[in-house]
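Participant: Okay, here's the prediction I keep looking at, along with the sequence it came from:
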Amino acid sequence: MGATPPSIAECENGTMDIRIITLRYSDGIQGFPEEPLHKATAGREVLEAREHFFVHGNVPHMAVVLLLGDTGEVRRRRPPGPDPAEDLSDDRKSLYRDLRSWRNERAKTDGVPSYVIARNVQVAEICKRLPRTMAELKEIEGIGEATCEKYGRDILARIPEDMPRMSANPSEAEKRGDAQ
């Protein structure tokens with residue numbers, strides 16, 4: 001191993017390498033961002049991690065030294081599924097984008113992944129059904145009491161009261177948003 005650069009060493013099942021990541025404290029999230037760590041460790045096994053806190057320009061920073069190894073397998077992301085908003089009319093696609101935007105911002109505020117609030121298929125289903133009450137919101141698969149309790153009022157408040165509901169078997173005109 002004498003000829004191997006110091007940042008890379010051989011191990012039984014592949015290579016190891018060292019990554020040094022410096023994170024700046026974010027007032028917005030009241031902590032250090034995790035995304036750079038997720039990117040650096042994607043598909044890799046974390047063999048060791050060490051952190052060092054320091055202040056630079058009156059701003060806290062954290063340097064993270066990661067020793068990463070191969071997992072022995074290549075992780076592949078699932079191919080994206082069908083777009084849940086594909087069958088929505090234009091006005092409902094606009095609502096879908098608005099609800100997703102609200103959900104993503106709320107997730108950041110709450111410090112949770114956006115799918116904890118509602119998955120994209122659930123947001124699309126909200127746009128299809130246009131629930132007006134908590135009981136109607138709970139009828140959507142995957143949206144239960146806890147979601148309604150924490151986010152239900154905000155979700156319902158974002159649904160325009162004047163947006164007409166579609167019939168059980170929407171016509172092509174209703175799908176396009178042409179129906180009166």
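Facilitator: Done, it's in.

Participant: So the residue lying closest to V116 once chain neighbours are set aside, which state does it fall into?
Facilitator: Residue nearest to V116 in three dimensions, not counting chain neighbours: A107, with 6.8 Å by CB to CB, 6 or more residues apart in numbering. Quick note: C-beta positions are derived from backbone N, CA and C, even for glycine. Here A107 is recorded as helix under DSSP: H, G, I helix; E, B strand; the rest coil.

Participant: Identify the residues contacting A107.
Facilitator: 113-114, 116-117 (CB atoms under 8 Å, 6 or more residues apart in numbering).

Participant: low pLDDT regions in this protein?
Facilitator: 1-15, 71-78, 167-180 (pLDDT under 70).

Participant: Pop the domain breakdown of it in here.
Facilitator: Domain ranges of the chain: 8-70, 90-176, per automatic domain parsing.

Participant: buried ones in stretch 104-122?
Facilitator: Buried residues in stretch 104-122, defined by neighbour count with 16 or more other CB atoms under 10 Å: 106-107, 114, 116-122.

Participant: Mind jotting down where the helices sit in the protein?
Facilitator: With helices called from DSSP state H, the chain shows them at 35-41, 90-110, 114-117, 120-129, 134-138, 145-147, 153-157, 172-176.

Participant: ok so, going back, identify the farthest-apart pair in the buried residues of stretch 104-122.
Facilitator: R106 and V121 (17.9 Å; CB to CB).

Participant: just to revisit the earlier point, G43: which of the buried residues of stretch 104-122 is nearest?
Facilitator: The closest of those, once distances to G43 are taken by CB to CB, is S114, at 22.1 Å.

Participant: Could you measure from the closest residue to the closest one other than its chain neighbours over to A146?
Facilitator: Leaving aside its sequence neighbours, S114 sits nearest to A107 (CB to CB, 6+ apart; 4.1 Å). Distance, A107 to A146, by CB to CB, to the nearest Å: 15 Å.

Participant: now do V65
Facilitator: Applying CB to CB to V65 and A146 gives a distance of 39 Å.

Participant: the more surrounded of those two?
Facilitator: V65 (13 against 10; other CB atoms under 10 Å).

Participant: List the residues that contact the more buried one.
Facilitator: V65 touches 18-20, 49-52, counting by CB under 8 Å, 6+ apart.

Participant: D162: neighbour count?
Facilitator: 4.

Participant: Enumerate every residue touching T41.
Facilitator: Contact partners of T41, counting by CB under 8 Å, 6+ apart, are 66, 68.
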